[in-house]
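Participant: dropping the sequence and predicted coords here.
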Amino acid sequence: MKISIACDHGGYELKLFIIKWLKENNHSIIDLGNEVYNINDDYPDFSEKIARHVVSGNSDKGIVICGSGVGACIAANKIKGARASVCHDTYSARQGVEHDNMNILCLGARIIGVELAKELVVAFLNATFINEFRYNKRLEKINILENKK
């Protein structure tokens, strides 16, 4: 599985930790920035990178980190085909993939610590979409919403 990851300054330290930990566990990581800590960077730039990378198929799933996770989530969901959610509990991280085909996990580095972040990432990465009528029907309704003017 190819996993893309990005952050703004609010998530920089957590991103470095997650990348190191995922690589130690033999995951393929695509780091989309920021490469250095920059107090003046903005989460929408990194959310867009992640969302476009995932939607285009260049990565299977994405992780974007900012201070709260909220702004990164809002920005990522502006890209057609992105299904991003802030998750600060393992149930949502797993169920979001299983029922809603979530493809981007948004984390708030100022909200959670590294141990919970690891649990959330594991739940997100290990989950697969349950390809059943009721979930597909809901996804189709989301697609219709995306295409409305």
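Facilitator: Happy to help now that I have it.
Participant: got the buried residues for stretch 110-117?
Facilitator: 112, 117 (16 or more other C-beta atoms under 10 Å). (Each C-beta comes from the backbone N, C-alpha and C, glycine too.)
Participant: what's the span of it, first residue to last?
Facilitator: Using C-alpha to C-alpha, to the nearest Å, the end-to-end distance of stretch 110-117 comes out at 11 Å.
Participant: what's in contact with that stretch?
Facilitator: Outside stretch 110-117, the residues that touch it by C-beta atoms under 8 Å, 6 or more residues apart in numbering are 10, 14, 17, 18, 67, 68, 69, 88, 107, 109, 120.
Participant: buried ones among the residues you listed?
Facilitator: Among the contacts of stretch 110-117, those classed as buried by neighbour count (16+ other C-beta under 10 Å) are 10, 14, 18, 67, 68, 69, 88, 107, 109, 120.
Participant: among the contacts of stretch 110-117, which are located in helices?
Facilitator: Using DSSP state H, the members of these that fall within helices are 14, 17, 18, 120.
Participant: what packs against the helix of greatest length in the chain?
Facilitator: Ranked by residue count under DSSP H, the longest helix found in the chain is helix 133-147. When contacts are defined as 3 or more C-beta pairs under 8 Å, 6 or more residues apart in numbering; DSSP states H and E, helix 133-147 packs onto helix 90-100.
Participant: helices or strands up against the helix it packs on?
Facilitator: Helix 90-100 is packed against strand 84-86, helix 114-126, helix 133-147, with contacts defined by 3+ C-beta pairs under 8 Å, 6+ apart.
Participant: what's the offset of that helix from the middle of its chain?
Facilitator: 12 Å (C-alpha atoms, centre = their mean, to the nearest Å).
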